[in-house]
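Enquirer: Structure of the sequence below:
(chains A and B)
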Amino acid sequence: MNEALTLLSFGDAGWGDEIAHGVLITVSLAICTLPLGLALGFVLALAKKSEDPSLRLAANIYTTIFRGLPELLTLFLVYFGVQIAIQQVLKLIGVDAYIEVNSFVAGMVALALVFSSYASEAFLSAFRGIPQGQYEGGYSLGLSHGKTMRLVVLPQLIRLALPALGNLWLILLKDTSLISVVGLSDLIRQSGIAARVTKEPFLFFGIACLIYLVLAMISSIGLSRIENWSKRGETER
Amino acid sequence: MALWIVAGAALVYYLSLNVVSPFFLKYWPEYVHGFLITLKIVGASLLIGAALSLPIAIARSSKSRILNGVSYAYVYFFRGTPLLAQTFLIYYGAGSFRDALTDIGLWWFFRDATYCVIFAFALNTSAYQAEILRGSIENVPKGQWEGAEALGLSKPVIFFKIILPQALMVALRPYGNEIILMIKGSAIAAIVTIYDIMGETRRAYSRSYDFQAYIWAAVLYLFLVETLRRIWDKFEARLTRHLKR
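Expert: I've put the predicted structure just below:
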C-alpha cells in the first residue's frame, strides 16, 4: 500500500504530477470541443428544420456519416486526412513542406464532428418541443427573426435540450480518451507510460478509471445545477 | 447539398478508380478478414453481455440493499469510464496478477488479446444492457404482475412468460442502438493488437502510406452500421405489428 502511495505521489519519485497534467489535457480538450460541437450542432439542427429539402438532406447525410463511423476512425481520418490535404494544397501552390497537424486540434475537430451530429438531433427534438405560438408571439411583439430566436426561443431550447446535451457531454468526456492513440499526452497515455515504467499496469489504469469516474461525478453535479438554473422560471408552479 | 453531391460523386469515382488499384488488390482479403473478426468480437461480447445483464438487472431492481448497491456500483463504473480505459485495465492490468492467474489456471485467457477484448466489451455492454432491461421491465405496468398472480402463476413463470416479452418490445430500439455503439466501440480492439477492420486498416496504412486505407474502412463501417440499422427497423416493425393502429 505504501509503495502504491509513493508511486502516486507528486514529485520525482511518483507519477502524481504527470497524471495530473494528463487530467488537465483531457479536461481542456473536452472543454475546447464543447463550444465548437454545440455551435456546429445548432447550425445543423437549423438546417434540418429548414424548408429547403436539399439543405435537410445534406444535414441528414452529415449526421448519418458521423454517427455511423467509429470515433477512432473519425479521429484518424481527420488526423491523417487533413495533414495530407494541406500538403496537397501546398504542393499545388508550389511549396514543398512537411506539415504535421497538432494532435490536440485534430482531436478537437474530430470529436466536435461526432458531437455535433448527435447534438443536432438533441436540438432538433428540442425545437419540436417549442410551440409555433412562441414564434408568432415574438413576431407580434415586433421582434425581428434574430431577436425572436435569441430572446424567446433559445432560452426555452436550452431547457429542453439540456438533459440530452448533458449525456452527450459525458460521452464526450469519455471519448477524449481515444486521443491518446495519436500521441497526445492525456490521462490514458500518461498512465500508460507510468504503467510501463513501473510495471504496475493495474494500479495506474485503475487510477485512470477512477479519475474518469470522478470527472463524470463532478460533471453530473454541475449539470444538475445548470438544469435547476434553466428551470428557475418553472419552480413557481 | 451541391457540395455533398460533388463529394459523393468524387468518392464513388475515386473508389471505382481504385477498385483495380494495386492497393485494393493487395489488401482486400485482409479487409474481409478484419470484417469477420469485427463481427466475431461484437457478436460474442453482445451475447455474453446479454447473458450477464439479466442477473445484473434483477439485482438492480431488487429490494436488498447490498445487491442493489453492488449492481449500481458495477453499472456506474462501466458506464462512467471510457471503454478504452477498461480494455487497458483488463488487458495490461491482468499482467499485474500474472502469478495468481497462472496459479488458478486462467493465465491463458488473459494472455490472449482477443479473449481480453471480448471480456472487457462483454462487461461494458452488460452494464448498458442491464440498464436497458431494467428500464423496460419497470415500464411494464404493475397490473400485469397482479393479474398474473391472480391467475396463480409462480414468480419465474410470470417474469419469463409475461413480463419479459413485453419489456423486450420496449427495449428493442435501445438494444439496436447498443449494438451499433458496440460495433463502433469495437474499433478500440485495434489498439491492443487485434486485426479487426480498424487493425487491418492501420496495418495497411503503415505499409503503404496510402490514405485510401482509411476511406475503405469508413465505407465498410458505414455499410455495416447502415445495413444493421435498416434490418433492425424492419425487425422492429415486424415484431410490433400488433401494436400498429
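Enquirer: Tell me which stretches of chain B form helices.
Expert: Applying DSSP state H to chain B gives helices spanning B:2-18, B:22-60, B:65-80, B:83-91, B:98-103, B:107-111, B:113-139, B:142-150, B:155-157, B:164-185, B:197-208, B:212-239.
Enquirer: Quick check: the residue nearest the centre of chain B vs chain A, distance?
Expert: Nearest residue to the geometric centre of chain B (Cα atoms, centre = their mean): B:Met182, 2.8 Å. Per Cβ to the nearest Cβ, to the nearest Å, B:Met182 is found 10 Å from chain A. All C-beta spots, glycine's among them, are computed from the backbone N, C-alpha and C.
Enquirer: how many other residues sit next to B:Trp216?
Expert: By other Cβ atoms under 10 Å in any protein chain shown, 21 other residues sit near B:Trp216.
Enquirer: After the lengthiest helix in chain A, which helix or strand is next?
Expert: Taking DSSP H as the criterion, chain A has its longest helix at helix A:16-48. The helix or strand immediately downstream of helix A:16-48 is helix A:53-68, counting by DSSP states H and E.
Enquirer: Could you pull up the mean pLDDT of that next one?
Expert: The average pLDDT within helix A:53-68 is 87.
Enquirer: From the contact counts, what lies against it?
Expert: Helices and strands touching helix A:53-68, by 3 or more Cβ pairs under 8 Å, 6 or more residues apart in numbering or on different chains; DSSP states H and E, are helix A:16-48, helix A:103-128, helix B:2-18, helix B:212-239.
Enquirer: again, only using 7 Å
Expert: With contacts taken as 3 or more Cβ pairs under 7 Å, 6 or more residues apart in numbering or on different chains; DSSP states H and E, helix A:53-68 sits against helix A:16-48, helix A:103-128, helix B:212-239.
Enquirer: Need the winner for burial among those.
Expert: Comparing the helices and strands packed on helix A:53-68 by mean neighbour count (mean count of other Cβ atoms under 10 Å in any protein chain shown), helix A:103-128 ranks first with a mean of 22.
Enquirer: Which strands and helices lie in contact with that one?
Expert: Against helix A:103-128 (3+ Cβ pairs under 7 Å, 6+ apart) you get helix A:16-48, helix A:53-68, helix A:71-92, helix A:154-175.
Enquirer: Does the last one reach chain B?
Expert: Yes. Legend: contact between helix A:154-175 and chain B by Cβ under 7 Å from any Cβ of the partner chain is shown at A:Lys174.
Enquirer: Give me the distance from that helix to the chain's centre.
Expert: 10 Å (Cα atoms, centre = their mean, to the nearest Å).
Enquirer: Just give me the neighbour total for residue 65.
Expert: Just so you know, I chose chain A. Count around A:Ile65 with other Cβ under 10 Å applied: 16.
Enquirer: oops, chain B please
Expert: B:Arg65 has 8 nearby residues by other Cβ under 10 Å.
Enquirer: how close does it get to B:Ala59?
Expert: Note on B:Arg65: its distance to B:Ala59, by Cβ to Cβ, to the nearest Å, is 11 Å.
Enquirer: and what of A:Pro53?
Expert: In this view, A:Pro53 and B:Ala59 are 50 Å apart by Cβ to Cβ.
Enquirer: So between the two, which is more surrounded?
Expert: Neighbours per residue (other Cβ under 10 Å) separate A:Pro53 from B:Ala59, with B:Ala59 holding more: 20 against 9.
Enquirer: so what's that one closest to, chain neighbours aside?
Expert: Using Cβ to Cβ, 6 or more residues apart in numbering or on different chains and skipping residues adjacent in sequence, the residue nearest B:Ala59 is B:Ser71, 3.9 Å away.
Enquirer: hang on, isn't the one you found packed against B:Ile58?
Expert: No. Using Cβ atoms under 7 Å, B:Ser71 is not in contact with B:Ile58, being 8.5 Å away.
Enquirer: Pick out whichever of the two has more residues nearby.
Expert: The residue with more neighbours, out of B:Ser71 and B:Ile58, is B:Ser71; 22 against 16, by other Cβ under 10 Å.
Enquirer: what about the nearest residue to B:Phe235 once chain neighbours are set aside, distance to chain A?
Expert: Distances taken as Cβ to Cβ, 6+ apart place B:Leu172 nearest to B:Phe235, at 7.6 Å, with adjacent residues excluded. With distances taken as Cβ to the nearest Cβ, B:Leu172 is found 19 Å from chain A.
Enquirer: residues in chain A within reach of chain B, list them.
Expert: For chain A, the residues in contact with chain B (Cβ under 7 Å from any Cβ) are A:54-55, A:57-58, A:61, A:65, A:68-73, A:76-77, A:80-81, A:84, A:174, A:177-178, A:181, A:188, A:192, A:195, A:200-202, A:205-206, A:208-209, A:212-213, A:216.
Enquirer: Can I get the buried part of those residues as one ChimeraX selection?
Expert: Selecting the buried subset of those in ChimeraX, with 16 or more other Cβ atoms under 10 Å in any protein chain shown as the burial test, is done by:
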select /A:58,65,68,69,70,71,72,73,76,77,80,81,174,177,178,181,188,192,195,200,201,202,205,206,208,209,212,213,216
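Enquirer: what's the pLDDT at the residue nearest to B:Phe235?
Expert: You'll see B:Leu172 listed with a pLDDT of 88.
Enquirer: Share the number of residues neighbouring the closest residue to B:Tyr115 other than its chain neighbours, please.
Expert: Of all residues not flanking B:Tyr115 in the chain, B:Phe109 sits nearest, at 5.1 Å (Cβ to Cβ, 6+ apart). Neighbours of B:Phe109 under the rule other Cβ under 10 Å: 12.
Enquirer: Likewise for the one 4 residues further on?
Expert: Using other Cβ under 10 Å as the criterion, B:Ala113 is surrounded by 16 other residues.
Enquirer: Next: B:Phe160.
Expert: Neighbour tally, B:Phe160, other Cβ under 10 Å: 10.
Enquirer: Also B:Pro141?
Expert: Neighbourhood size, B:Pro141 [other Cβ under 10 Å]: 9.
Enquirer: ok, residue 23 - contacts?
Expert: With no chain named, the answer covers chain A. Applying Cβ atoms under 7 Å, 6 or more residues apart in numbering or on different chains to A:Val23 gives the contacts A:187, A:211.
Enquirer: that answer is for a different chain, and I need it for chain B
Expert: B:208, B:210, B:212.
Enquirer: export those to CSV and tack on distance to B:Glu236 and pLDDT?
Expert: Shown next, in CSV, are those (distance: Cβ to Cβ, whole Å; pLDDT from 0 to 100):
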residue, distance to B:Glu236, pLDDT
B:Ser208, 41, 81
B:Asp210, 40, 78
B:Gln212, 36, 80
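Enquirer: Can you tell me which of those is nearest A:Ala39?
Expert: Among those, B:Gln212 lies closest to A:Ala39 (Cβ to Cβ), at 31.5 Å.
Enquirer: The closest one and chain A, how far apart?
Expert: From B:Gln212 across to chain A, the span is 11 Å (Cβ to the nearest Cβ).
Enquirer: Likewise for B:Gly105?
Expert: B:Gly105 is 20 Å from chain A, where distance means Cβ to the nearest Cβ.
Enquirer: Just give the number of residues close to that residue.
Expert: Number of residues near B:Gly105 (other Cβ under 10 Å) recorded here: 8.
Enquirer: try A:Asn167
Expert: Neighbour count of A:Asn167, defined by other Cβ under 10 Å: 13.
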